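**Q** attaching a predicted model along with its sequence, questions to come.
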Amino acid sequence: MIRRRLLVACLLAAPWAAQADIYKYVDEEGRVTFTNIPRKGAIKLDIETRSPKPPPSPAQAPEPKARLAPANFPRVSPEDQRRRDELRRQVLEQELAAEKRLLAQAREALAKGQASRPAEGDAASAARLQKLMDLVRLHEQNVAAIQYELSLLRR
């Protein structure tokens, strides 16, 4: 019985034991230090502490939404959606083919630029070569993005 009372007393005292004053101190070099130890020149901060809000009880919890869209939201038939997806697939495949052609052209231009080997310190040639490498990287990213979009479409 005494142990239980002692335990309850310790648990009730725990929140006050964890509370401490906070001081802000700025040294000669302008460094800011926050501490719980008072020192000369430190300013005591008044910080309002709030306990976190308890989670809502099951009775107060909002009901999950039964629908993802409002009741008056226009619906698309599965057949219409399949047609739209097929049209999107065709457009993406055309874009992918065009992007692959541009990538091949950019790689060819880069290979020619690297074969001409600019002289050491030729900033203009190095800049042209960097632009070609950036162009290749751009087309590679575009191809990857289109392939990703195609992977999201259902067959």
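**A** Everything's here; your move. Residues are numbered from 1 along each chain as shown.

**Q** pLDDT below threshold where in the chain?
**A** The model of the chain has pLDDT under 70 over residues 1, 6-19, 49-52, 55-67, 117-121, 154-155.

**Q** which residues in it form helices?
**A** Counting by DSSP state H, the chain has helices at residues 2-18, 78-115, 123-152.

**Q** and of the ones you listed, who's closest to residue 36?
**A** Among the helices of the chain, helix 2-18 comes nearest to residue 36, with 11.1 Å by CB to CB. From N, CA and C alone the C-beta is placed, and that goes for glycine too.

**Q** and the helices of the chain as a markdown table, adding mean neighbour count and distance to residue 38?
**A** Shown next, in a markdown table, are those (neighbours: other CB atoms under 10 Å; distance: least, CB to CB, whole Å):
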| stretch | mean neighbour count | distance to residue 38 |
| --- | --- | --- |
| helix 2-18 | 9 | 18 |
| helix 78-115 | 13 | 66 |
| helix 123-152 | 14 | 57 |
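
**Q** distance to residue 69 added to these, as CSV?
**A** Output for the helices of the chain, formatted as CSV (distance: least, CB to CB, whole Å):
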stretch, distance to residue 69
helix 2-18, 46
helix 78-115, 14
helix 123-152, 20
